[in-house]
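K.L.:
Got a predicted structure plus its sequence, pasted below:
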Amino acid sequence: MHEAPLATARIGLGLAAVGRPAYITTDRDHDLGDGGTRSIETMCARTHALLDEAWALGIRYVDAARSYGYAERFLGSWLTAHPERRAALTIGSKWGYEYVGGWRMDATVHERKEHSAAMLEKQWLETLAALGSAPDLYLIHSVTPDSPALGDSAVLGRLREIAADGVRVGISTSGPRQGDVIDEARQLADSPFSVVQATWNLREQAAAPALARAHAAGWTVVVKEALAGGELARPEPDSHLADFAAGRDGASLALGVARAQPWADIVLSGAATIPQLRRGAAATAREIDAETLGRWASDPEEYWRRRAARPWR
């Protein structure tokens, strides 16, 4: 087994866990306090503190989305306070889901998906207003095989216009058929896309071949959910991963293996606390042989079924 330190993918900060009071990551009461302590003001202050720490750590990629509650708004107010930092940052955001949770922990529905041209236009203007400037990367959020976006001429035409103005457009993916969607987007005639954000972690590795093809074609590859929603931060006892991680922090190991993938450009830390962010920034790239990786992988269909069943908390 080979574990050589590598200079590979950069760490980015994803704001999914701190832009809204409820999310599907683990240990939120431990990290954030109970739901009664998660006011808009408190979560904004937490986001600003994380952004300050990320800047101090040299992290220069920040990821948001319209569906991440007020994440874009929190990021925008931080940029207003630090306008001199904007030029050094790469900011990615996403459209296609909207937050409908009303800042309630017990909302029946927290987000709604719509990949229409009308939604793109609406959310593009909302993103510009929230951030105070255009993002550097703008992605269709969570494209799956049933999404109409890749066949919608109005959506693709508008994305080409946005790209012509200097914003790199792309897709994020989810579900057990991520690889199919990535290949379809890459092979489109006059494809406007040059970025993909996909789930890859020690449990869900199925998209790797398609991500390698996208990277070889010049796309920027952003890895999300490298900790599988927090599950990999503490490996299950008696698992292959727990045996390998003995004496190491599980989160650092999982992020390090993701950083070592040769097709990965950016690996997102979804940190909700400053110690988590520091551990992520310090995670050393770790190259693991294919046989060991294969032992850790789960069936994609089962992985995504389990993910869909997680409660919002």
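P.N.:
Alright, I've got the coordinates. Residues are numbered from 1 along each chain as shown.
K.L.:
can we go C-alpha only for contacts and neighbour counts from here?
P.N.:
Fine.
K.L.:
quick one: the helices in the stretch 101-250 of the chain?
P.N.:
Ranges of helices within the stretch 101-250 of the chain are 117-131, 153-164, 178-187, 208-216, 240-245, 250-259, based on DSSP state H, counting those that start in this stretch.
K.L.:
tell me which residues in stretch 60-72 are buried?
P.N.:
Residues 60-72 are the ones in stretch 60-72 that count as buried (16 or more other CA atoms under 10 Å).
K.L.:
For the residues you listed, give me a markdown table that also has secondary structure and pLDDT.
P.N.:
Below are those laid out as a markdown table (DSSP: H, G, I helix; E, B strand; the rest coil; pLDDT from 0 to 100):
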| residue | secondary structure | pLDDT |
| --- | --- | --- |
| 60 | coil | 98 |
| 61 | strand | 98 |
| 62 | strand | 98 |
| 63 | strand | 98 |
| 64 | coil | 98 |
| 65 | coil | 98 |
| 66 | coil | 98 |
| 67 | coil | 98 |
| 68 | coil | 98 |
| 69 | coil | 98 |
| 70 | coil | 98 |
| 71 | helix | 98 |
| 72 | helix | 98 |
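K.L.:
can I get those in JSON lines with distance to residue 207?
P.N.:
Shown next, in JSON lines, are these (distance: CA to CA, whole Å):
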{"residue": "60", "distance to residue 207": "25"}
{"residue": "61", "distance to residue 207": "22"}
{"residue": "62", "distance to residue 207": "23"}
{"residue": "63", "distance to residue 207": "20"}
{"residue": "64", "distance to residue 207": "22"}
{"residue": "65", "distance to residue 207": "22"}
{"residue": "66", "distance to residue 207": "24"}
{"residue": "67", "distance to residue 207": "23"}
{"residue": "68", "distance to residue 207": "24"}
{"residue": "69", "distance to residue 207": "27"}
{"residue": "70", "distance to residue 207": "29"}
{"residue": "71", "distance to residue 207": "27"}
{"residue": "72", "distance to residue 207": "28"}
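K.L.:
just so I know, which of the helices of the stretch 101-250 of the chain lies nearest residue 33?
P.N.:
For the helices of the stretch 101-250 of the chain, the distance to residue 33 is smallest for helix 250-259, at 20.7 Å, taking CA to CA.
K.L.:
other SSEs contacting the closest one?
P.N.:
Under the contact criterion of 3 or more CA pairs under 8 Å, 6 or more residues apart in numbering; DSSP states H and E, helix 250-259 touches strand 266-269, helix 274-282, strand 285-286.
K.L.:
picking up where we left off before, with residue 309 as the reference, name the closest of the helices of the stretch 101-250 of the chain.
P.N.:
helix 178-187 (18.9 Å).
K.L.:
residues in contact with the spatially most central residue of the chain?
P.N.:
The residue lying closest to the centre of the chain (CA atoms, centre = their mean) is residue 224, at 3.7 Å. Taking CA atoms under 8 Å, 6 or more residues apart in numbering, we find residue 224 in contact with 197-200, 267-269.
K.L.:
could I get these as a markdown table with pLDDT?
P.N.:
Formatted as a markdown table, those follow (pLDDT from 0 to 100):
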| residue | pLDDT |
| --- | --- |
| 197 | 98 |
| 198 | 98 |
| 199 | 98 |
| 200 | 98 |
| 267 | 98 |
| 268 | 98 |
| 269 | 97 |
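K.L.:
Out of the residues you listed, which end up buried?
P.N.:
Looks like the contacts of residue 224 have 197-200, 267-269 buried, using 16+ other CA under 10 Å.
K.L.:
out of the residues you listed, who's nearest residue 250?
P.N.:
Closest approach to residue 250 among the buried ones among the contacts of residue 224 (CA to CA): residue 269, at 13.4 Å.
K.L.:
quick one: the closest one and residue 279 touch, right?
P.N.:
No. The criterion here is CA atoms under 8 Å, and residue 269 misses it with residue 279 at 9.4 Å.
K.L.:
Present the buried ones among the contacts of residue 224 as TSV; the columns should include distance to residue 140.
P.N.:
Supplementary listing: the buried ones among the contacts of residue 224 in TSV, determined by distance: CA to CA, whole Å:
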residue	distance to residue 140
197	10
198	12
199	14
200	18
267	18
268	17
269	20
